[in-house]
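Visitor: Make a model of this:
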Amino acid sequence: MPAFDKEIKSALEEGVELRELLAPVQITTKGSDCMLTVQQMKVAGVDRDGRGGIIAAGTSPVEISVQRIFVATGAAAAMAWHEPPPAAAAEGQHPAALPLHLSHCTLHQGQHGTPIIYGGDLTTADKNVTQAIASGKQAAMVLDTFFQNGAATVRERLATCLVGAGPALSMEMYMHGLRKERKPHIVSYQEINTDYFQFEPRVVQPRLLIEERTSSFDEIEMKISATTAMREAGRCFNCGICNDCDNCFLFCPDVCILRGRDMTARHINYDYCKGCGLCVVECPRNAMILGEEEKL
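Guide: Okay, the predicted model is just below:
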């Protein structure tokens, strides 16, 4: 069963016994208790989703006496018609034809041309809160584009809001905000000049004591103060964003970095720049790049 390392560690701290590779066979009652019959399993290769393929180990089932049984096998659509419709045949099919399957949602057209959006766990492989939020954001963009210009323009419109090589979308870019002027490249840690940053330890979120966790249903992760939240947010490098540090201006050996009168609007005088790349190396946040000049 997939689980986050943090949650596994937390369960073990609280005294939970994890018994792996046991598949339930049947449940019977014995007085006030339940008898759970389980079959020992083993890993054999991988399945079509890339997870370990599980098969019976060939041993006899065993019974476990328990007081409570909680079924946690994941959530699915309550009814078949809640599921997104299958993709149309690719042969001879227009790429904008409905249903329109995107990375985090599916657009379909119901009766009388009414748009229907499927999202969340119904359309994403990773069923977690982060993907659900991304699904909602993408759905908002899809519906807005659909009502303004129709389904044929959805993919092209969303492509202008991509951040990085993956499916991540920027709402600010969609709304024609300032991020629209930035490149979609996602700056990696290796591209940051860490010589200009002091090490700041990560804020550790307070948690209930083990004794408190095992004796109540209170939320384990406790809230943090506004001051602590601000300090944690202050650890952000602001990757790829110029903060007017002027390293490019100070280190340029050819004095070809030009600034506006209000110390803004920095740009490069290419008549003097020889492409040494010193400004790029000394930029703390990788807000500058060095590449071949694009042909007009």
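Visitor: Go ahead and produce PDB holding the CA coordinates of the longest strand along the chain.
Guide: Of all segments of type strand in the chain, defined using DSSP state E, the longest is strand 33-46. The C-alpha trace of strand 33-46 is given here as PDB (Å, rounded to 0.1, in the frame of the first residue of the first chain):
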ATOM      1  CA  ASP A  33     -15.000  -9.600  17.900                       C
ATOM      2  CA  CYS A  34     -14.400 -10.100  14.200                       C
ATOM      3  CA  MET A  35     -12.300 -12.800  12.700                       C
ATOM      4  CA  LEU A  36     -10.300 -11.500   9.800                       C
ATOM      5  CA  THR A  37      -8.900 -14.200   7.500                       C
ATOM      6  CA  VAL A  38      -5.800 -13.100   5.600                       C
ATOM      7  CA  GLN A  39      -3.700 -14.700   2.900                       C
ATOM      8  CA  GLN A  40       0.100 -14.200   2.900                       C
ATOM      9  CA  MET A  41       1.200 -12.600  -0.400                       C
ATOM     10  CA  LYS A  42       4.600 -12.000  -2.100                       C
ATOM     11  CA  VAL A  43       6.000  -9.600  -4.700                       C
ATOM     12  CA  ALA A  44       6.400 -10.900  -8.200                       C
ATOM     13  CA  GLY A  45       7.600  -8.400 -10.700                       C
ATOM     14  CA  VAL A  46       5.700  -5.200 -11.400                       C
END
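Visitor: List the strands paired with it, with their directions.
Guide: strand 22-30 (antiparallel), strand 52-56 (antiparallel), strand 62-66 (antiparallel) (DSSP bridges).
Visitor: Give me the contact list for the last one.
Guide: Strand 62-66 is touched from outside by 30, 33-38, 40, with contacts defined as Cβ atoms under 8 Å, 6 or more residues apart in numbering. Backbone N, C-alpha and C define where each C-beta goes, glycine included.
Visitor: The helix or strand just after that strand packs against which elements?
Guide: Counting by DSSP states H and E, the element after strand 62-66 in chain order, helix or strand, is strand 100-101. For strand 100-101, the packing partners by 3 or more Cβ pairs under 8 Å, 6 or more residues apart in numbering; DSSP states H and E come out as strand 105-109.
Visitor: Can you tell me what sits against the strand it packs on?
Guide: With Cβ under 8 Å, 6+ apart as the test, strand 105-109 has contacts from 84-85, 98-100, 115-119, 122-123, 135, 138-139, 142-143, 146, 151, 154.
Visitor: What ranges does the chain have for its helices?
Guide: Taking DSSP state H as the test, the helices found in the chain are 5-13, 129-149, 154-159, 171-174, 210-213, 226-233, 247-251, 278-282.
Visitor: could those helices go into JSON lines alongside distance to residue 290 and mean pLDDT?
Guide: Output for the helices of the chain, formatted as JSON lines (distance: least, Cβ to Cβ, whole Å; pLDDT from 0 to 100):
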{"stretch": "helix 5-13", "distance to residue 290": "39", "mean pLDDT": "91"}
{"stretch": "helix 129-149", "distance to residue 290": "32", "mean pLDDT": "94"}
{"stretch": "helix 154-159", "distance to residue 290": "26", "mean pLDDT": "93"}
{"stretch": "helix 171-174", "distance to residue 290": "24", "mean pLDDT": "92"}
{"stretch": "helix 210-213", "distance to residue 290": "52", "mean pLDDT": "92"}
{"stretch": "helix 226-233", "distance to residue 290": "30", "mean pLDDT": "92"}
{"stretch": "helix 247-251", "distance to residue 290": "12", "mean pLDDT": "92"}
{"stretch": "helix 278-282", "distance to residue 290": "5", "mean pLDDT": "93"}
